[in-house]
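Trainee: what would the 3D arrangement of this be:
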Amino acid sequence: MRIFSRTSPHNVALKTSVAALALALSLAGCSSGTTTNASTTTQSTTTTEAASEATATDNTATDTESDTTDATAVVAADATAITEDSHYDADDLTWDPAEEVGVTLADGATSAGSDGVTVDGDTITITSAGSYRLSGNLTNGQVVVAAGEEDVVRIILDGVEITSSTGSPFVVTSANEALVYLDNGSTNILTDAESYEDTGTDAPNAALYSMADLTIAGAGALTVNGNTNNGIVSKDGLVLAAGDVTVEAVDDGIEGKDYIALLGGAYAVTAGGDGVKATNEDEDGRGWFTVYGGELVVSSGDDGVKAATTLTVNAGTVKVTDSVEGAEAQHITVNGGAVYVTSSDDGVNASGGSSGTTSGGGGMGGGSMAAGDYTVSVTGGTLTIDSEGDGLDSNGDASITGGTVVVNGPTGQGNGALDVNGELTVDGGTVAAAGSAGMAVAPGSSSTQSGVQLTFASTVPAGTAIQIASADGTVVGSFVASKDMASLVFSSAAITEGETYTVYTGGTTAATEGITEGTLDGAEELGTVTAGEYTTSEGPGGR
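Mentor: The predicted model follows:
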């Protein structure tokens with residue numbers, strides 16, 4: 001490798017040998033392996049169409065011109081899979097307005113026009129299937145759904161504010177499915193007590209609590225205040241089909257036991273504990289969390305988004321703005337959409353679940369820990385990580401076959417931008433993983449797409465452009481880190497195995513951070529690297 005004597009304006013210099021972790025690009029593990037020329041690599045990208053919402057005419061009880069109203073229809077490429085894997089059925093979001101039961105909430109004066117609704121003081125109980133339109137306020141009351149096990153109960157919130165001083169203001173104790181529909185243009189608020197009188201094992205522990213399958217839909221707004229414990233909890237399945245929903249909770253924000261499916265809408269969660277999670281780790285095919293569309297923004301005091309088994313993003317946007325661990329599950333997959341994670345510990349962490357182990361392959365960057373039944377897979381979309389702990393962390397294997405992955409990893413030496421106990425394979429997409437040099441992990445020997453590994457003799461300040469150019473001066477990679485970095489792994493289809501590339505700092509770039517396009521105007525030359533020559537530094541292991 002050729003080293004240039006000059007340094008950049010930031011006093012960035014390269015070490016002088018591969019053995020000393022110099023500016024290098026090598027293949028898998030701690031040594032070179034059999035490779036495939038990157039120019040022949042086929043990039044495989046799977047993108048699921050974002051879920052979209054269609055809202056028909058206003059659903060009022062006095063509407064006599066329309067026999068039925070299609071409240072919220074989910075249109076997605078994998079709509080069949082949604083229906084098969086969850087309780088969701090678009091037909092449940094269509095009903096006859098003429099059959100709605102009106103319930104007007106008022107302190108000490110609630111009125112209802114059906115035998116399916118009982119009023120006991122300020123406790124309103126719905127006992128049979130049907131569509132119930134609620135409006136009005138209760139300053140210290142509760143709505144309870146206690147229907148039959150085969151009943152689908154549709155609660156239309158049309159300007160409702162319910163507060164309880166003793167527990168949860170909205171509880172589903174029994175039903176086949178409870179559907180909370182937020183009427184078009186309406187604003188609704190649920191606020192629980194600061195302490196619950198009933199704290200038994202099966203007692204509610206959230207401002208919106210359901211023992212049955214729960215669906216939230218509609219084009220209105222809902223604010224949920226969990227003052228004691230959680231915001232929204234379903235002890236069965238949970239489908240978030242639509243709505244403008246804000247959740248603030250002392251502990252967990254949104255919890256679904258068997259699964260969570262986010263189809264559309266905008267959900268903003270602020271939680272002292274975990275942000276959004278699916279919890280069932282005991283039953284096969286349960287404990288999953290899939291984002292089919294919509295927008296989810298989470299600020300949490302613990303994990304941001306979490307699943308006991310699988311966490312999948314097919315479309316839409318997931319933003320974890322604050323967390324300890326950003327995204328955690330046994331298996332994590334990004335097929336499309338956009339995922340942004342900020343964490344004080346690991347950013348994306350495949351851990352938990354099964355503890356079975358397999359022998360580690362190339363890229364044993366996780367140190368002495370054996371590879372278990374954990375995976376991170378990126379096939380499309382964008383994944384952007386800002387972590388103080390490990391960036392992309394798998395206690396098993398990890399694979400990137402498409403999309404864009406950007407990691408602004410730790411500045412401390414005890415963690416790495418990439419930490420994979422098994423093998424990290426890169427067969428497509430574009431990857432930029434920046435961080436410390438103390439635990440550098442690179443793609444494994446079975447990767448079919450090449451790349452470069454750069455390790456700097458001194459820290460490169462945040463905001464510095466790193467540009468990689470081919471022998472003819474064509475820029476094949478530009479990256480601007482949002483944090484200080486000591487190492488960078490960059491892989492894309494534009495980099496050819498075995499070719500020599502020149503590395504620069506500075507120049508001009510189209511964006512001020514992330515993977516971008518750039519030119520060498522005013523850039524400072526650092527040195528050269530050979531594509532496909534990686535070195536790996538083992539660390540203390542992942543978790």
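Trainee: buried residues, stretch 279-299. List them.
Mentor: For stretch 279-299, a neighbour-count test (16 or more other C-beta atoms under 10 Å) marks 279-280, 286-299 as buried. Every residue, glycine included, has its C-beta placed from N, CA and C.
Trainee: confirm residue 82 sits in a helix?
Mentor: Yes: according to DSSP: H, G, I helix; E, B strand; the rest coil, the state of residue 82 is that of a helix.
Trainee: middle-most residue in the protein, spatially?
Mentor: A centroid search over the chain (C-alpha atoms, centre = their mean) returns residue 318, at 4.7 Å, as the residue closest to the centre.
Trainee: can you report phi and psi for that one?
Mentor: phi -120, psi 120 (degrees, to the nearest 10).
Trainee: which residues are in contact with it?
Mentor: 291, 295-296, 298, 305, 327, 337-340 (C-beta atoms under 8 Å, 6 or more residues apart in numbering).
Trainee: give me phi/psi at residue 99?
Mentor: Dihedral angles (degrees, to the nearest 10) for residue 99: phi -100, psi 0.
Trainee: one step back: farthest pair in the buried residues of stretch 279-299?
Mentor: Within those, 286 and 299 form the most distant pair, 27.0 Å apart (C-beta to C-beta).
Trainee: about what we covered before: out of the buried residues of stretch 279-299, list just those in strands.
Mentor: Judged by DSSP state E, these include 288-291, 295-299 as members of strands.
Trainee: what's the closest non-adjacent residue to residue 509?
Mentor: Computed as C-beta to C-beta, 6 or more residues apart in numbering, the closest residue to residue 509 that is not its neighbour in sequence is residue 518, at 4.1 Å.
Trainee: all helices for the stretch 201-350 of the chain, in order.
Mentor: Counting by DSSP state H, counting those that start in this stretch, the stretch 201-350 of the chain forms no helices at all.
Trainee: surely residue 175 and residue 148 touch.
Mentor: Yes: when contacts are counted by C-beta atoms under 8 Å, residue 175 is listed as touching residue 148 (7.4 Å).
Trainee: please, which helix or strand holds residue 200?
Mentor: Using DSSP states H and E, residue 200 sits within no helix or strand.
Trainee: follow-up on the earlier one: contact partners for the residue nearest to residue 509?
Mentor: With C-beta under 8 Å, 6+ apart, residue 518 has these contacts: 465, 467, 475, 478, 507-510.
Trainee: residues touching residue 267, list them.
Mentor: Here residue 267 is in contact with 240, 243, 245-247, 254, 276, 294-297 (C-beta under 8 Å, 6+ apart).
Trainee: closest to residue 203 out of the residues you listed?
Mentor: residue 254 (18.9 Å).
Trainee: any idea how far residue 280 is from the closest one?
Mentor: According to C-beta to C-beta, to the nearest Å, residue 254 stands 15 Å off from residue 280.
Trainee: likewise residue 165?
Mentor: 32 Å.
Trainee: care to break this structure down by domain?
Mentor: According to automatic domain parsing, the chain comprises the domains 1-47+335-543, 50-252.
Trainee: pick the most deeply packed of those domains.
Mentor: Highest mean neighbour count of the domains of the chain: domain 1-47+335-543, a mean of 21 (counted as mean count of other C-beta atoms under 10 Å).
Trainee: how far off centre is that one?
Mentor: The gap between where domain 1-47+335-543 is centred and where its chain is centred comes out at 21 Å by C-alpha atoms, centre = their mean, to the nearest Å.
Trainee: for that domain, give the mean pLDDT please.
Mentor: Mean per-residue pLDDT for domain 1-47+335-543: 78.
Trainee: now do stretch 282-301
Mentor: Mean predicted lDDT for stretch 282-301 stands at 96.
Trainee: quick revisit: tell me the one of the buried residues of stretch 279-299 nearest residue 103?
Mentor: Distances from residue 103 to those, taken by C-beta to C-beta, are shortest for residue 294, at 28.6 Å.
Trainee: which one is that closest one nearest to, not counting chain neighbours?
Mentor: If the residues on either side of it in the chain are set aside, residue 294 comes closest to residue 264, at 4.3 Å by C-beta to C-beta, 6+ apart.
Trainee: helices of the stretch 401-543 of the chain, start to end?
Mentor: Counting by DSSP H, counting those that start in this stretch, the stretch 401-543 of the chain has no helices to list.
Trainee: picking that back up, for the residue nearest to residue 509, give its distance to residue 458.
Mentor: Counting by C-beta to C-beta, the gap from residue 518 to residue 458 is 22 Å.
Trainee: and the longest strand seen in the chain, how far out from the chain middle?
Mentor: If you go by DSSP E, the chain has its longest strand at strand 152-163. Distance of strand 152-163 from the chain centroid (C-alpha atoms, centre = their mean) equals 28 Å.
Trainee: with only the CA atoms kept, save it in PDB.
Mentor: Output of strand 152-163 as PDB, limited to C-alpha atoms (Å, rounded to 0.1, in the frame of the first residue of the first chain):
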ATOM      1  CA  VAL A 152     -66.700  -7.500  17.200                       C
ATOM      2  CA  VAL A 153     -67.200  -4.200  19.000                       C
ATOM      3  CA  ARG A 154     -66.500  -1.000  17.100                       C
ATOM      4  CA  ILE A 155     -66.100   2.100  19.200                       C
ATOM      5  CA  ILE A 156     -66.100   5.300  17.200                       C
ATOM      6  CA  LEU A 157     -64.500   8.100  19.200                       C
ATOM      7  CA  ASP A 158     -66.000  11.400  18.100                       C
ATOM      8  CA  GLY A 159     -64.600  14.100  20.300                       C
ATOM      9  CA  VAL A 160     -64.100  12.200  23.600                       C
ATOM     10  CA  GLU A 161     -62.200  13.100  26.700                       C
ATOM     11  CA  ILE A 162     -62.200  10.500  29.500                       C
ATOM     12  CA  THR A 163     -60.200  10.800  32.700                       C
END
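Trainee: any regions of the stretch 51-200 of the chain where pLDDT drops low?
Mentor: Counting by pLDDT under 70, the stretch 51-200 of the chain contains low-confidence residues at 51-79.
Trainee: so which residues of it form strands?
Mentor: Assigned by DSSP state E, counting those that start in this stretch, the strands in the stretch 51-200 of the chain fall at 52-54, 69-70, 73-75, 94-95, 101-105, 111-112, 117-120, 123-126, 130-138, 142-146, 152-163, 170-174, 177-182, 187-191.
Trainee: will you turn the ones you listed into a markdown table that also has distance to residue 216?
Mentor: Shown next, in a markdown table, are the strands of the stretch 51-200 of the chain (distance: least, C-beta to C-beta, whole Å):
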| stretch | distance to residue 216 |
| --- | --- |
| strand 52-54 | 12 |
| strand 69-70 | 17 |
| strand 73-75 | 13 |
| strand 94-95 | 16 |
| strand 101-105 | 19 |
| strand 111-112 | 23 |
| strand 117-120 | 21 |
| strand 123-126 | 17 |
| strand 130-138 | 14 |
| strand 142-146 | 14 |
| strand 152-163 | 10 |
| strand 170-174 | 11 |
| strand 177-182 | 5 |
| strand 187-191 | 11 |
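Trainee: fine by me, we can end here.
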